[in-house]
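Q: prediction below, plus the sequence it came from.
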Amino acid sequence: MDGQLRIQVSEDGADAERLDALTAYLRRDLIELDVDDVTALAAGAPPPGSRAIDATAVGALVVALGSSADGLRSVVSAIQAWLGRGSGVRRTIRLELGGDALELSQASAADQERLIGLFISRHSELSSGRPGEPPPGEVPPPP
């Protein structure tokens, strides 16, 4: 599964400095996984007349998933664990891959698992090239 997973971090009441710190903590967790790279998302071109700097979008990361079949699943699991360490502060993570988006926040653990399973399943089908069939080595769910 080659692809780039975009991640947007937000936290109720957080300013840009806090979001930058949260994103750095999450990046440290993700870089340890079997992914090709985890980088800050570029903010785009600077406004006309301003100095050109390498600005990054606050709270945004891009994960190069590489060819590991379990890359997406391990990234999402790490994000779930990271969200769980939020100490009661409302945090939201938005994941986007191939035009498909998933937002994780205060949903129950069961709802998160169901949504994550659907998200991963859709992208596993896309990488296998056979919609409706599990990727090689995965057992299909019972009817």
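A: Nice, thanks for sending it over.
Q: so what sits opposite the closest residue to residue 4 other than its chain neighbours in the bridge?
A: Spatial nearest neighbour of residue 4, chain neighbours left out: residue 62 (5.3 Å); criterion: CB to CB, 6 or more residues apart in numbering. From N, CA and C alone the C-beta is placed, and that goes for glycine too. With DSSP bridges applied, the residues forming beta bridges to residue 62 are residue 6, residue 39.
Q: mind listing what residue 62 touches?
A: Contact partners of residue 62, counting by CB atoms under 8 Å, 6 or more residues apart in numbering, are 4-7, 38-41.
Q: by neighbours, which of those residues wins?
A: Neighbour counts for these, by other CB atoms under 10 Å, peak at residue 5, which reaches 24 neighbours.
Q: separation between the residue nearest to that residue when sequence neighbours are not counted and residue 110?
A: With CB to CB, 6+ apart as the measure, residue 63 is the residue that lies nearest to residue 5, at 4.3 Å, once sequence neighbours are left out. Between residue 63 and residue 110 the distance is 25 Å, computed by CB to CB, to the nearest Å.
Q: more neighbours: which of those two?
A: Per other CB under 10 Å, whichever of residue 63 and residue 110 has more neighbours is residue 63, with 26 against 8.
Q: so who does that one touch?
A: Counted by CB under 8 Å, 6+ apart, residue 63 has contacts 4-5, 7, 30, 35, 37-38, 75.
Q: do the same with residue 20
A: Contacts for residue 20 were tallied using CB under 8 Å, 6+ apart; they are 58-59.
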